[in-house]
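**Student:** what follows is a protein structure lacking sequence information:
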């Protein structure tokens, strides 16, 4: 399998990189899974949706104000995509970014997401020099909440009926971490510069 040349950060087992058309099938497989989409905004995800999404990401660049950028999470050994993580650079305050993430079910519970997000946080606070990272989690999504808390993110709020999804109002927890907190916890940032 061809290796992508747009790598943003690496960890022991993972590469966080730009999506490529070779990723469409793997991306579609987990995005179409009802267990994966349960707490996400999409449903009835199609192969055409996956291809259109990846084609858009291929021409998109990270750190553009007011936009989301989706990073592929791939295994270092095979370059197989097992999930994705995203950063939304706010238009009103680009020094604050929002995090999102998804992982294929067969790779959950093995520490991959924690590893990926740690590497991404090094990149966000290092190469991108952001001040604050925030994340929102559906209060029913215990797996995502566990990931955020394992990373040491602070729960800053419980937002009642904060948005409507699939016909119901959703409560969310808001999490955050400052660059200074990440540095105090992890010391030197090891992110790759592009």
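**Tutor:** Happy to help now that I have it. Being a predicted model, the structure only gives us computed values, none of them experimental. Residues are numbered from 1 along each chain as shown.
**Student:** contacts and neighbour counts: CA atoms only from here.
**Tutor:** Will do.
**Student:** got the buried residues for stretch 44-57?
**Tutor:** The neighbour-count check on stretch 44-57 (16 or more other C-alpha atoms under 10 Å) flags 45, 50-51, 53-54, 57 as buried.
**Student:** got the contact list for it?
**Tutor:** With C-alpha atoms under 8 Å, 6 or more residues apart in numbering as the test, stretch 44-57 has contacts from 18-21, 23-25, 27-28, 31-32, 69-70.
**Student:** chain center to that stretch, what's the gap?
**Tutor:** Centre-to-centre, stretch 44-57 and its host chain are 17 Å apart (C-alpha atoms, centre = their mean, to the nearest Å).
**Student:** next, count neighbours for residue 128.
**Tutor:** Residue 128 has 16 neighbours, counted by other C-alpha atoms under 10 Å.
**Student:** quick check on it: phi, psi?
**Tutor:** When read as degrees, to the nearest 10, the backbone of residue 128 gives phi -90, psi -10.
**Student:** contact partners for it?
**Tutor:** Listed by C-alpha under 8 Å, 6+ apart, the contact set of residue 128 reads residue 63.
**Student:** quick one: strands adjacent to the host helix or strand of residue 100?
**Tutor:** Per DSSP states H and E: residue 100 is located in strand 96-103. Here strand 96-103 has these sheet partners by DSSP bridges: strand 81-89 (antiparallel), strand 132-138 (parallel).
**Student:** indicate which one of those strands is closest to residue 39.
**Tutor:** Comparing these by their distance to residue 39 (C-alpha to C-alpha), the top pick is strand 132-138, with 6.7 Å.
**Student:** give me the contacts around the closest one.
**Tutor:** Counting by C-alpha under 8 Å, 6+ apart, 39, 95-100, 125, 144-145, 170-179 sit against strand 132-138.
**Student:** among those residues, which ones are in helices?
**Tutor:** Mapping those onto helices (DSSP state H) picks out 125, 144-145, 179.
**Student:** bridged to the most centrally placed residue in the chain, which residues?
**Tutor:** Geometric centre of the chain, nearest residue: residue 85, 1.9 Å, by C-alpha atoms, centre = their mean. When assigned by DSSP bridges, residue 85 has beta-bridge partners residue 71, residue 101.
**Student:** gap between it and residue 27?
**Tutor:** Distance from residue 85 to residue 27, counting by C-alpha to C-alpha, to the nearest Å: 12 Å.
**Student:** for residue 126, same thing?
**Tutor:** Noted for residue 126: a distance of 28 Å to residue 27, by C-alpha to C-alpha.
**Student:** so between these two, which is more surrounded?
**Tutor:** Set residue 126 next to residue 27 and count neighbours by other C-alpha under 10 Å: residue 27 wins out with 25 against 19.
**Student:** what about the more buried one, distance to residue 122?
**Tutor:** 24 Å.
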